[in-house]
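Peer 1: Here you go, sequence then predicted model.
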Amino acid sequence: MPNPIFRMFNPGAPKEDRVQKRRKQLRQAQQTYRERKERYVKDLEKAVAESRARETELLRQNERLNAAVQTLVGLLQQHGGTVPSDLPVAVSSPQSADLIGFPHHANANKPLPASPSIFSDSTTVDSGLSPPLQQKVVCVADVDHVGLGVEFVLSLEKPCLDHLHGNPDKPDDPSGHALTLSSQVCAVSSPTCVTSPVPAECLDYHALPATMLDNLLRLSKALCSSDREVTPVQAWDFLRSQQQFGMFELQSLQTLAQLLRDTIKCHGFGAVIDQETFMRLAFEILQRNLGPSS
């Protein structure tokens, strides 16, 4: 019996198909690449979530410190003290300070829509609003635009909540939803919520600083650059860019959100809407709400 060590020199041994060998090497290389890429993306998603949480905490501290300075400036002026001339206007103005507490949002004097009342499937648009607003038609101009925009986007992203953090059976795979608004709001408001489906309490945007909401809206635009589809954030940007958007009724906005949510698709990277469908539904609701003259 020949020694197997010298099989490679055995002219009678079967020759391995070079093509099959090359294909096997390519498959192994591609599999290794995919595994490394998935681990890398997963690490990036985790880093983004941690970065958002740290940024939010810094913004919260900044808001608390700014509010404290405003309170002290107001008290100083009430007792005849002078305010340094080089103090920023936003801090030196006592009218902008809340002397009782620390305002969480810049538009604290406006009624905030109570999530998820406005875009809930089971409640009316007026639920959660103050009594004076319940007795009249509530328009977009009557509420905080940042909070309203976030509620609108979160409403459209609801179909992705079941898989927001990826496949539970494959925890090491990237979720593909790190740049969606829902994922980032969940990361900063409920960092311990890391499994799908995501419960509604993990999407409490009221815990976020107002500036953070704007940052999240801007960042989420990077999710989709297609000319055929739009993300929920891009849909909101289009709506609020309309000249008479402030006159838009909240009930009509709720109707539009419900219609759009029925057309939502997810290709593994967040909710998207067919652009033609969005434009058609948006203009139908806008014209019905504002009239042909708009």
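Peer 2: In hand now; what should we look at?

Peer 1: so Ile264 makes contact with Ile273?
Peer 2: Yes: counting by CB atoms under 8 Å, Ile264 touches Ile273, with 6.3 Å between them. Backbone N, C-alpha and C define where each C-beta goes, glycine included.

Peer 1: Find the residues that touch each one of those two.
Peer 2: Residues touching both Ile264 and Ile273 by CB atoms under 8 Å, 6 or more residues apart in numbering: Leu156.

Peer 1: Please report the distance of the closest residue to Leu59 other than its chain neighbours from Val73.
Peer 2: Among residues not flanking Leu59 along the chain, Pro209 sits closest, at 4.0 Å (CB to CB, 6 or more residues apart in numbering). Applying CB to CB, to the nearest Å, the value for Pro209 to Val73 is 21 Å.

Peer 1: tell me the pLDDT at Pro131?
Peer 2: Per-residue confidence (pLDDT) for Pro131: 44.

Peer 1: again but with Leu87, I slipped
Peer 2: Looking at Leu87, its pLDDT is 67.

Peer 1: who touches the most centrally placed residue in the chain in this structure?
Peer 2: Computing the C-alpha centroid of the chain and ranking residues by CA atoms, centre = their mean puts Leu181 first, at 1.0 Å. Contacts for Leu181 (CB under 8 Å, 6+ apart) come out as 150, 153-154, 157, 216-217, 220, 232-233.

Peer 1: which SS state does Val73 fall under?
Peer 2: Secondary structure of Val73, reduced to three states by DSSP: H, G, I helix; E, B strand; the rest coil: helix.

Peer 1: so it touches Val83, yeah?
Peer 2: Yes: with contacts counted by CB under 8 Å, Val73 reaches Val83, the gap being 5.8 Å.

Peer 1: Spell out the residue ranges of the helices in this protein.
Peer 2: Under the criterion DSSP state H, helices of the chain are mapped to 18-78, 89-92, 131-134, 145-156, 181-189, 210-219, 232-240, 250-261, 275-290.

Peer 1: among the ones you listed, which is nearest Asp204?
Peer 2: Asp204 lies closest to helix 181-189 among the helices of the chain, at 5.0 Å (CB to CB).

Peer 1: who's in contact with the residue lying closest to Ser183 once chain neighbours are set aside?
Peer 2: Using CB to CB, 6+ apart and skipping residues adjacent in sequence, the residue nearest Ser183 is His177, 4.7 Å away. The contact partners of His177, by CB under 8 Å, 6+ apart, come to 160, 163-166, 183, 269-270.

Peer 1: wait, which of the residues you listed is closest to Gln258?
Peer 2: Among these, and counting by CB to CB, the member closest to Gln258 is Cys160, at 16.3 Å.

Peer 1: For Lys37, see how far away that closest one is.
Peer 2: Distance from Cys160 to Lys37, counting by CB to CB: 22 Å.

Peer 1: Please apply the same query to Val188.
Peer 2: For Val188 relative to Lys37 (CB to CB), the value is 26 Å.

Peer 1: more crowded one of those two?
Peer 2: Neighbours per residue (other CB atoms under 10 Å) separate Val188 from Lys37, with Val188 holding more: 24 against 11.

Peer 1: Not counting residues beside it along the chain, what's closest to that one?
Peer 2: Leaving aside its chain neighbours, Val188 sits nearest to Thr56 (4.2 Å; criterion: CB to CB, 6+ apart).
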